[in-house]
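Peer 1: Build me a model from this:
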Amino acid sequence: MKLKKAIILGAVAAGLPLAYIQASKIKFDQLFKTKKDIDIEANKPDGIPLDLFKNTLLVDLNWLKDTEYSDFDITSYDGLKLHAVRVKNNDHKLVILLHGVNNDHYGILHQAHIFYDLGFDVLMCDLRAHGKSEGEYTSLGFKEGIDLAEYVSALIKEDPSLKIGIYGIGLGAQAVLQYLAHDVKENVIFTIIESAFIDAYDQLAKNFSDKLLFNGINDNYRRYIGLNLDEISGYDGVISNHTPTLFLHSAKDPIVDVKNTVVLSEANSGPKDIHIFEKATHMGNYLDEDYPKVIENFIKSL
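Peer 2: Sure, this is the predicted structure:
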């Protein structure tokens, strides 16, 4: 009887590593494998009334329908077709807009409308593995930042005198931070970073009491993305940044603590401004009545 019990316990112990490997891959896929079929009406930000969201979306969809827009696609450094929508308005200045995770360019439609009304062309990107862009996993900004650099280069190749602004929210904000850590082109005249976090490892780890499982997720990130989560830091983008930057966040963001943006702003070495909205929302600040004016005031200050 004792021998049988020992065999059973041994078999269970031997199976535990495999179980953790499988569990960590499942959780990794839940976190990093994106949703391609997105219902734009169902993708309402937290803390925002449904009627306000739907009414705003309808106005923005009608605006887009009445504009001169076209596809603007590029190929990433690793061979993925990346999709964006360009709305023509001005031949001399343009804003690139990057959305949040499990969203697509419709998730930044209202912000695009605001920049359009301020006299900019707008380029609304589907980040890799989102919308019509190819790819399976998001990298939490690392590869998306490289993709952003490719978009900037493609636009400058088309028009070397083009003045470019960059706006990113959530995942898009992380891409902007990664881009700022590298070779920022002189054509880039401003960036706006909304609802960003400082450290990818800490942002994810706080939700895991099982550290062994989280280490397995990190192993999968290294296997499928090519680096460790603790190598994704927003600090790298701000400590040497000299591009005028506006930092935005919600004071009561339930997902990403507003302290992240405060610290990033304080660490930013170049011209900067910060605005904290009072709404209890994650990435829903754009529906605040003061939001367009905050953007406009920042643009006028450049």
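Peer 1: tell me the mean pLDDT over stretch 28-41?
Peer 2: For stretch 28-41, mean pLDDT is 84.
Peer 1: In stretch 228-248, which residues are buried?
Peer 2: The neighbour-count check on stretch 228-248 (16 or more other CB atoms under 10 Å) flags 229, 232-234, 236-238, 241, 243-248 as buried. Placement of C-beta: from N, CA and C, glycine included.
Peer 1: can I have it written out in PDB, keeping just the CAs?
Peer 2: Extracted in PDB, the C-alpha atoms of stretch 228-248 (Å, rounded to 0.1, in the frame of the first residue of the first chain):
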ATOM      1  CA  ASN A 228      12.300  39.700 -20.600                       C
ATOM      2  CA  LEU A 229       9.400  41.600 -19.300                       C
ATOM      3  CA  ASP A 230      11.700  43.600 -17.000                       C
ATOM      4  CA  GLU A 231      13.400  45.000 -20.000                       C
ATOM      5  CA  ILE A 232      10.300  47.000 -21.000                       C
ATOM      6  CA  SER A 233      10.700  50.200 -19.100                       C
ATOM      7  CA  GLY A 234       9.100  53.600 -19.700                       C
ATOM      8  CA  TYR A 235      12.000  55.300 -18.100                       C
ATOM      9  CA  ASP A 236      14.200  54.700 -21.100                       C
ATOM     10  CA  GLY A 237      11.900  56.900 -23.200                       C
ATOM     11  CA  VAL A 238      11.800  59.900 -20.900                       C
ATOM     12  CA  ILE A 239      15.200  60.300 -19.300                       C
ATOM     13  CA  SER A 240      16.700  61.600 -22.500                       C
ATOM     14  CA  ASN A 241      13.600  62.900 -24.200                       C
ATOM     15  CA  HIS A 242      13.800  66.400 -25.700                       C
ATOM     16  CA  THR A 243      10.600  66.300 -27.800                       C
ATOM     17  CA  PRO A 244       7.800  68.400 -26.200                       C
ATOM     18  CA  THR A 245       5.600  65.800 -24.500                       C
ATOM     19  CA  LEU A 246       2.100  66.000 -22.900                       C
ATOM     20  CA  PHE A 247       1.300  63.400 -20.200                       C
ATOM     21  CA  LEU A 248      -2.300  62.500 -19.600                       C
END
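Peer 1: Go ahead and measure how far that stretch is from the middle of the chain.
Peer 2: 13 Å (CA atoms, centre = their mean, to the nearest Å).
Peer 1: Need the residues that contact stretch 53-71.
Peer 2: By CB atoms under 8 Å, 6 or more residues apart in numbering, the residues outside stretch 53-71 that reach it are 40-41, 44-45, 83-89, 109-110, 112-113, 116, 284, 287.
Peer 1: for that stretch, what is the average pLDDT?
Peer 2: Mean pLDDT, stretch 53-71: 96.
Peer 1: about what we covered before: narrow the contacts of stretch 53-71 to just the buried residues.
Peer 2: 44-45, 83-87, 89, 109-110, 112-113, 116, 284, 287.
Peer 1: which one of those residues sits closest to residue 145?
Peer 2: residue 84 (15.5 Å; CB to CB).
Peer 1: for the closest one, what are its contacts?
Peer 2: With contact set as CB under 8 Å, 6+ apart, residue 84 has these partners: 71, 72, 73, 74, 105, 123, 124, 125, 126, 151.
Peer 1: let's go with 10 Å and repeat that
Peer 2: 70-74, 96-98, 105, 122-127, 131-133, 151, 154 (CB atoms under 10 Å, 6 or more residues apart in numbering).
Peer 1: For the chain, which segments count as strands?
Peer 2: Using DSSP state E, the strands found in the chain span residues 68-71, 74-75, 81-82, 84-88, 93-98, 121-125, 163-169, 188-194, 245-250, 272-277.
Peer 1: Let me have these in JSON lines, adding distance to residue 60 as columns.
Peer 2: Formatted as JSON lines, these follow (distance: least, CB to CB, whole Å):
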{"stretch": "strand 68-71", "distance to residue 60": "12"}
{"stretch": "strand 74-75", "distance to residue 60": "25"}
{"stretch": "strand 81-82", "distance to residue 60": "23"}
{"stretch": "strand 84-88", "distance to residue 60": "11"}
{"stretch": "strand 93-98", "distance to residue 60": "12"}
{"stretch": "strand 121-125", "distance to residue 60": "11"}
{"stretch": "strand 163-169", "distance to residue 60": "15"}
{"stretch": "strand 188-194", "distance to residue 60": "17"}
{"stretch": "strand 245-250", "distance to residue 60": "19"}
{"stretch": "strand 272-277", "distance to residue 60": "19"}
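Peer 1: Fine, thanks again, bye for now.
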